[in-house]
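*Asks:* structure of the sequence below:
(chains A and B)
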Amino acid sequence: SQKIEQNSEALNIQEGKTATLTCNYTNYSPAYLQWYRQDPGRGPVFLLLIRENEKEKRKERLKVTFDTTLKQSLFHITASQPADSATYLCALVGSGNTPLVFGKGTRLSVIA
Amino acid sequence: NAGVTQTPKFQVLKTGQSMTLQCAQDMNHNSMYWYRQDPGMGLRLIYYSASEGTTDKGEVPNGYNVSRLNKREFSLRLESAAPSQTSVYFCASSEAAGINEKLFFGSGTQLSVL
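*Replies:* Numbering: from 1, shown residues only, chains lettered A, B, ... in the order given. Next comes the predicted model:
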């Protein structure tokens, strides 16, 4: 069956360090993968999209990698700040070009 | 810019009651979606509308109906609410379904069914 797994439910890191979140998938052949941020009581907000032919994408302090051989995406936040504390969701297109399917998310806490 | 607007923000129902969740977007998007979010389950797609006049089932459609009233509005109806439908419901929109779809979400409706 198709699965999207974000490796940990919660991740705590110290301010200034790099946070690395993992998204693994099985039985998908996604054309692209997306990352969203969700704050408590709010809807998810789009952050980055990476296509299958792109190995890496950057936006300010964010970096996403996409390895279709390993079936994995890594999401990095460098020089993390307490304001980066949120839940981060990965999402990809399911089979047959159906709408986005989301992972369960990783709750990141950046401690000052 | 309002983006995606959902009403109501909170609702409490008794088992068997019906209600309609409203969603409107002002971005001229073609595609609209309804997701539910439960602890430990993540976001799951209920129904979507790839374009005005079409609707399709998602992963968890049972117990729900939808109406794409026009390009702006997409409503979700619970005909006979059950406790299992207690959840946070999110409406989202995108320019088009498929490749490069970036979703814009509303702020959610927290629904409790007693």
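
*Asks:* tell me what the residue in chain B that chain A sits nearest to is bridged to.
*Replies:* Ranked by Cβ to the nearest Cβ, the top residue of chain B for proximity to chain A is residue B:105, at 3.1 Å. Backbone N, C-alpha and C define where each C-beta goes, glycine included. Residue B:105 forms beta bridges with residue B:92, as assigned by DSSP bridges.

*Asks:* may I have the secondary structure class of the closest residue to chain B within chain A?
*Replies:* The nearest approach of chain A to chain B comes at residue A:43, 3.1 Å away (Cβ to the nearest Cβ). Recorded secondary structure, residue A:43: coil (DSSP: H, G, I helix; E, B strand; the rest coil).

*Asks:* can you tell me the closest non-neighbouring residue to it?
*Replies:* residue B:105 (3.1 Å; Cβ to Cβ, 6 or more residues apart in numbering or on different chains).

*Asks:* residue A:99 too?
*Replies:* Nearest one to residue A:99, counting by Cβ to Cβ, 6+ apart, is residue B:48 at 5.1 Å.

*Asks:* tell me the residues on chain A that lie near chain B, please.
*Replies:* A:31-32, A:34, A:36, A:41-46, A:49, A:89, A:91, A:93, A:97-105 (Cβ under 8 Å from any Cβ of the partner chain).

*Asks:* low-confidence ranges, chain B, go.
*Replies:* B:1, B:97-100 (pLDDT under 70).
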